[in-house]
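Student: predicted coordinates and the sequence they were generated for:
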Amino acid sequence: MTEEQLLLAYLKTHGATAPKVIPGKREVTFLSKATGIPQVWKWSQKENSPQQYTELKDRVMSVHHSPTGTKTIVGMDHHGNEKQQLFLLTENESNVDELVVSKDHFHRFGGWSPSEEKISFASNRRHPGYFDVYIFDLENNTEELVYQYDGSCAPVCWTKDGKNLILRLIDTNIDQSLYVLNLETKQLKQIGPKDMNGRYGSIIVTGNDEGGILLTDAGRDTLAIFHFSFQNPSILKEVLEIDGWDIEEIELSLDESKLSFTVNEGGISKLGIYQLDSHTFNYVDGLPSGVYDSLSWLSNHELIVGVKSSIHPGDIWLVDLQKNETERLTTVGEEKSISHLWMEPELCSFSSFDGLEVPYFLYGKKNEEQPVVIYVHGGPESQIRSVFNPVIQYLAAKGFAVAAPNVRGSMGYGRKYVKLDDVRKRMDAVADLKWLVEDLVRSHGVDENKVGIMGRSYGGFMVLAALTHYPNVWAAGVDIVGISHFKTFLENTGPWRRKIREYEYGSLEHDVDFFEEIAPLNHTDKITAPLLVFHGRNDVRVPVSEAEQLTADLKKQGKPVELIVFENEGHQTEKLENHITMNTKIVEFFRKYL
């Protein structure tokens, strides 16, 4: 296999993700990039093999089946601009009818009404930074504005009688509040304790319409399962917590007798079943170790689960609780020509400058002569997990060791941990990267002169901050859609994101002095390592100007830097040809300088 063929094999490796049972049928839809961009595929028990369900020109971002499974809505954007529009699949599934389309605006799907005659959604049509809630009537092809909100808002679901919507009001990525909106009176009633924000997820209204079940970490460090009632909505009754870890997702069985749930233990999932009558639970065995998501009941004893791991790009599994068996339904994630090269990481940790224990995954470490690449995740409220990453695996296959840390500020370790990098504590997370390298040198025999760093989005900022504040540590850096100055980033990012990002990074009103102090753009004179920069022209999250201003400054100083802008990409890189260009360049770059 030639070098080009090997890279192509890695980049064409794709999984089956986001499975959803079509109600009333023994069929499951999922997303796959088998044809180059995400499209809808379908597994049916009758065929017992996946078939392509849509052939659309743009990527499918979301899929929403009606309560009886007779209709399906898909969300799509254009050229990666993230401005999701909603379309109704036609009967032959090869085309779509426009449903909710305003191409200059974003749309967040909020659920089907019980009658299937209406859907709810949020959109920023009134103001770029404000998301209001609308109802679209499929029968009459009309829209109604039902709630205005000067901020970020999203409808979650309808109550069973179709008279109310549950809304999530979003202050930050980890601070939200939940409300019931009466569609007749337009009155709001808060669910959960007042003046105590947190994350709210997996909101399920139960069949009697008296209340439901949800996940929240309001007033606590980790996500747990709670029951809520519409009669006393401010009181949440704890159902289940797992000490020290987040319960990430729940799904109620069709007969409402049990809950399936997933637990995130240090980046690796556990799947559990909770019996609502006996208040007991057990964990499910028989699934590959990795990350589980997209729970969906096929019957009262059969559960569909999305499964992915560091060596499994993603497939759909069936858990049969009666037979106590698991079955892999798809083999989309198989790539026999290269899968023997894939590596499982070692889960490690180190003590940082202040004694904080910081975890990281270490891939492909074989000998002391090996160059090492630090791979920094974005977010920052995100987490490196035990899932297949083609870039990491390709680097490891080409002889690089890769260390992927979850520095302070990462999700998955509780609210206290995720807030350790907020605003003026930003550089503490950058310091974690320096201490990671010291641990790699001390504990794994890494050559301190052969350490590179790469990251995407916020991870790109971390690369630039590491290169400017600890220049002697790094031999090379790769910045992908990264932030070079928080002031210019906040001034130019989408208005719908600014408020949410200011809670994390600091505000233009109060923290510009700190932005100036830490900005990589203001410290380019300190950079000694060669730098490779990628960006998408259509990026609405981190404007391409962040890359252009940084690289222009470095070029003026005569420092080794290269900028590659993809004209047909946004914040994410979707096109195969661009992936080939980017990853070929990255490997050549690290080979040259490490």
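Tutor: Nice, thanks for sending it over.

Student: for Gly201, what are its contacts?
Tutor: Listed by Cβ atoms under 8 Å, 6 or more residues apart in numbering, the contact partners of Gly201 are Leu214, Leu215, Thr216, Leu223, Glu248, Glu249. Every C-beta, even on glycine, is put in place using the N, C-alpha and C of the backbone.

Student: ok, Val319 next?
Tutor: Val319 makes contact with Leu271, Val284, Gly286, Leu287, Glu302, Leu303, Ile304, Val305, Glu325, Thr326 under the criterion Cβ under 8 Å, 6+ apart.

Student: what is the nearest of the residues you listed to Ile316?
Tutor: Nearest to Ile316 among these, counting by Cβ to Cβ, is Ile304 at 6.3 Å.

Student: partner residues bridging the closest one?
Tutor: Ser296, Leu318 (DSSP bridges).

Student: and for it, the neighbour number?
Tutor: Around Ile304 there are 22 other residues, counting by other Cβ atoms under 10 Å.

Student: what subset of the contacts of Val319 is buried?
Tutor: Listed as buried from these are Leu271, Val284, Leu287, Glu302, Leu303, Ile304, Val305, Thr326; burial here means 16 or more other Cβ atoms under 10 Å.

Student: and the fifth one, how far from Tyr53?
Tutor: Using Cβ to Cβ, to the nearest Å, one obtains 22 Å as the distance from Leu303 to Tyr53.

Student: now do the last one
Tutor: As for Thr326, its distance to Tyr53 is 24 Å (criterion: Cβ to Cβ).

Student: weed out the non-buried ones from the contacts of Gly201.
Tutor: The buried subset of the contacts of Gly201 (16+ other Cβ under 10 Å) comprises Leu214, Leu215, Thr216, Leu223, Glu248, Glu249.

Student: just curious, which of those is nearest to Asn583?
Tutor: Nearest member of the buried ones among the contacts of Gly201 to Asn583, counting by Cβ to Cβ, is Glu248, at 29.8 Å.

Student: what about the closest one, which helix or strand?
Tutor: Mapping Glu248 onto the secondary structure by DSSP states H and E places it in strand 246-252.

Student: and the helix or strand just after that strand, what's buried?
Tutor: Once the chain leaves strand 246-252, the next helix or strand it forms, by DSSP H and E, is strand 258-265. Neighbour-count burial for strand 258-265 flags Lys258, Leu259, Ser260, Phe261, Thr262, Val263, Asn264 (criterion: 16+ other Cβ under 10 Å).

Student: ok, now stretch 530-543?
Tutor: Buried-residue list, stretch 530-543, by 16+ other Cβ under 10 Å: 530-536, 538-543.

Student: pLDDT on that stretch, on average?
Tutor: Here stretch 530-543 scores 93 as its mean pLDDT.

Student: where along this protein do the helices fall?
Tutor: Taking DSSP state H, the helices of the chain run over residues 3-12, 390-397, 415-418, 426-444, 458-469, 486-492, 495-505, 512-518, 545-556, 576-593.

Student: show me the contacts for the residue nearest to Val263 when sequence neighbours are not counted.
Tutor: In space, Val263 comes closest to Lys270 once its chain neighbours are excluded; the distance is 4.4 Å by Cβ to Cβ, 6 or more residues apart in numbering. Lys270 makes contacts with Thr262, Val263, Tyr283, Tyr292, as judged by Cβ under 8 Å, 6+ apart.

Student: could I get those in a markdown table, plus columns for pLDDT and distance to Pro560?
Tutor: Output for the contacts of Lys270, formatted as a markdown table (pLDDT from 0 to 100; distance: Cβ to Cβ, whole Å):
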| residue | pLDDT | distance to Pro560 |
| --- | --- | --- |
| Thr262 | 99 | 45 |
| Val263 | 98 | 46 |
| Tyr283 | 98 | 51 |
| Tyr292 | 98 | 43 |
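
Student: as TSV, those with distance to Asp511 would be great.
Tutor: TSV is the format used below for these (distance: Cβ to Cβ, whole Å):
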residue	distance to Asp511
Thr262	36
Val263	36
Tyr283	44
Tyr292	39
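
Student: which of these lies closest to Met76?
Tutor: Tyr292 (26.7 Å).

Student: tell me, how many residues neighbour the closest one?
Tutor: By the criterion of other Cβ under 10 Å, Tyr292 has 27 neighbours.

Student: same question, the one 3 residues further on
Tutor: When neighbours are defined as other Cβ under 10 Å, Leu295 has 23 of them.

Student: what about it, distance to Lys308?
Tutor: Leu295 is 14 Å from Lys308, by Cβ to Cβ.

Student: give me the neighbour count for Ser469.
Tutor: Actually, residue 469 is His rather than Ser. Neighbourhood size, His469 [other Cβ under 10 Å]: 17.

Student: could you verify my assumption that it touches Ala429?
Tutor: No - counting by Cβ atoms under 8 Å, Ala429 is not a contact partner of His469; they are 11.3 Å apart.

Student: highest mean neighbour count out of the helices of the chain?
Tutor: Greatest average neighbour count among the helices of the chain goes to helix 458-469 (a mean of 26), per mean count of other Cβ atoms under 10 Å.
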